[in-house]
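Trainee: kindly return the folded structure for what I paste below:
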Amino acid sequence: MLSIFRTNQAAFSIFLLIYAVVLRSAYFLNAFPVDMANDGVLSLWMKDWFGNGYIAAGIVAILVIFLQAVLLNTLVNKYRLFREVTLFPGLFYILIVSAVQDFLPLSSILLGNTFLILAIYNLLSIFKAKKCADGIFNTGLFIGTAALFYNAFAFFLFLGLIGLLVLRTVKLKEVLMLIAGYVLPFIFASTYYFWYDQLGEYWNSYFFMQFNFLDFRWAGGWNTYYKLIILMLLFLVGLFNRYTFEKSYQTRSFMNIFYTTLLLSGLTFLFQENIQISHFLIIATPLSILMAASFLGMSKVTAELIHLIFFMGIMLFQFDVLSIG
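Mentor: Numbers count the residues shown, from 1 in each chain. Down below sits the predicted model:
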């Protein structure tokens with residue numbers, strides 16, 4: 001199966017859509033609600049728009065992750081993170097965001113991931129660029145927009161600041177550009193709620209109250225443990241890879257950005273209120289890059305076998321073939 005996605009032909013991206021449909025097909029046999037845990041204001045508007053249209057929300061979720069997968073592949077191939085031009089990053093992104101049943105509904109974190117990917121795309125574009133004001137501003141703008149979907153994305157302002165430090169010589173005016181882009185979505189949202197005399201409620205309900213320390217809200221039992229085991233295995237495969245990256249300063253700098261993204265994703269678990277299993281979606285973007293590297297570093301036979309084990313295991317659990325009480 002993996003051989004299909006080792007190609008450098010963009011037309012083969014259609015197989016990513018098929019892959020997503022197959023992995024997420026269990027959703028349509030058991031209509032899940034539109035899961036918007038810790039809603040941001042944009043997530044609430046999306047939820048209101050769909051109402052009880054679970055099937056429509058499921059279709060949109062597939063299209064969203066297909067778009068995200070294509071964006072990731074475009075990012076990786078444009079900035080030449082790997083020696084090979086491959087569809088693996090998008091493939092493993094889809095695998096991760098479909099790994100457990102909690103990930104299948106259209107969620108606020110899934111929507112926010114789109115803007116995190118766009119933020120990273122713009123951040124990498126500023127590397128040694130003479131004119132990069134738009135890239136810096138857009139990085140902040142997309143991070144701020146992601147935070148309006150899911151509050152924890154607000155922490156990725158530090159990704160932008162660290163990116164300026166790693167990719168450029170830090171200048172005060174560039175830091176201010178980043179912050180200006182970051183706060184703009186909050187200004188728009190605040191203006192809207194001020195107009196309707198709900199400004200205080202907006203900041204209290206959708207920002208301050210959504211921070212808490214070590215506030216985990218998931219049920220115990222094997223139903224939770226097997227999900228955590230699957231996610232941990234995916235994480236370990238991605239983190240401990242043997243892929244030999246190019247030794248150029250550019251590639252090392254870009255990979256440091258993804259490791260920083262993974263670190264910040266982990267830190268959000270400490271401070272976000274009402275942490276549920278679905279919160280693990282926030283690590284999908286950096287982890288998909290690392291998993292792609294891990295599989296590219298394996299022999300083709302080993303990579304095929306491990307991917308098949310993950311794929312079959314996920315499908316069996318999605319359809320409750322391996323029922324766990």
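
Trainee: shaky segments in this structure?
Mentor: Residue ranges of the chain with pLDDT under 70: 8-10, 31-37, 51-52, 209-210, 215, 217-221, 321-325.

Trainee: I'd say residue 279 and residue 270 touch.
Mentor: No. Using CB atoms under 8 Å as the test, residue 279 is too far from residue 270 to be in contact (11.3 Å). The way it works is simple: take the backbone N, C-alpha and C, and place the C-beta from them, glycine included.

Trainee: the residue of the chain most remote from its centre: what secondary structure?
Mentor: Distance to the chain centre peaks in the chain at residue 197, reaching 33.6 Å (criterion: CA atoms, centre = their mean). Following DSSP: H, G, I helix; E, B strand; the rest coil, the label given to residue 197 is coil.

Trainee: for it, give me phi and psi.
Mentor: Dihedral pair for residue 197: phi 60, psi 40, per degrees, to the nearest 10.

Trainee: separation between it and residue 183?
Mentor: Distance of residue 197 to residue 183, given as CB to CB, to the nearest Å: 22 Å.

Trainee: and for residue 115?
Mentor: Distance from residue 115 to residue 183, by CB to CB: 15 Å.

Trainee: which one of these two has more residues nearby?
Mentor: residue 115 (23 against 15; other CB atoms under 10 Å).

Trainee: run the chain-centre distance for the host helix or strand of that one.
Mentor: Element membership for residue 115 (DSSP states H and E) is helix 108-124. Remark: helix 108-124 is offset 7 Å from the chain centroid, using CA atoms, centre = their mean, to the nearest Å.

Trainee: helices or strands up against the next helix or strand along the chain from it?
Mentor: On the C-terminal side of helix 108-124, the closest following helix or strand by DSSP H and E is helix 133-149. For helix 133-149, the packing partners by 3 or more CB pairs under 8 Å, 6 or more residues apart in numbering; DSSP states H and E come out as helix 41-50, helix 108-124, helix 157-167, helix 172-195.
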